[in-house]
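Peer 1: Quick check, what structure comes out for this input:
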Amino acid sequence: MPKTKVLFVCVHNSARSQMAQAYLQDMAGERFTVQSAGFEPQSLNPLAIEVMSEDGLDISGQKTQSVFDLYKEGQLFDYVITVCADSEDKCPLFPGITHRLHWPFEDPAALGGSQEEKLAGARLIRDQIKQTVRGFAAEHI
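Peer 2: Just a heads-up that it's a prediction; the model follows:
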């Protein structure tokens, strides 16, 4: 049976989409092929790397990539899931039969306060993403 192909998209591909990708691969990688991409890819967010490491997942080696490059390559996905509020309307329509889902999570890069306050906020976002991905995986297995 072929794996279900999932693409997580957010603006910078630096935190939320990377976290969602890591969780789905970890929870159900035998059933899913998972990628993440962004509209303006940037380097990985150190907060995301740290809070994922606390949960036993190392995303420090993951690469960021452009959603438009994937589109131009003609890649097909069963699910395209936007994970930030400002990416839903920008996401290109991928060819083929694609289910689009929208899971708006707060951006760890927008967190303010001390380093500990930022980490606490990033942990909340991480936990929300983990819970949502867990529900998606359970529903599609």
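
Peer 1: partners of the closest residue to K3 other than its chain neighbours in the sheet?
Peer 2: For K3, ignoring the flanking residues on the chain, the nearest one in space by C-beta to C-beta, 6 or more residues apart in numbering is T33 at 4.6 Å. Glycine gets a C-beta too; all of them are placed from N, C-alpha and C. With DSSP bridges as the criterion, T33 is bridged to K5.

Peer 1: Whatever helix or strand E116 lives in - contacts with which helices or strands?
Peer 2: Using DSSP states H and E, E116 falls within helix 115-139. Packing partners of helix 115-139 (3 or more C-beta pairs under 8 Å, 6 or more residues apart in numbering; DSSP states H and E): helix 16-28, helix 46-54.

Peer 1: what does the shortest one contact?
Peer 2: Okay, so that is helix 46-54. Residues outside helix 46-54 that contact it (C-beta atoms under 8 Å, 6 or more residues apart in numbering): 14-16, 18-19, 22, 58-60, 108-109, 111, 118-119, 122-123, 126.

Peer 1: Just checking the distance from it to the centre of its chain.
Peer 2: The offset between the C-alpha centroid of helix 46-54 and the centroid of the whole chain comes to 14 Å, using C-alpha atoms, centre = their mean, to the nearest Å.

Peer 1: Equivalent analysis for stretch 16-30, please.
Peer 2: Averaged over its C-alpha atoms, stretch 16-30 has a centre that lies 8 Å from its chain's centre (C-alpha atoms, centre = their mean).

Peer 1: What residues sit buried inside it?
Peer 2: Of all the residues in stretch 16-30, those buried under the rule 16 or more other C-beta atoms under 10 Å are 16-28.
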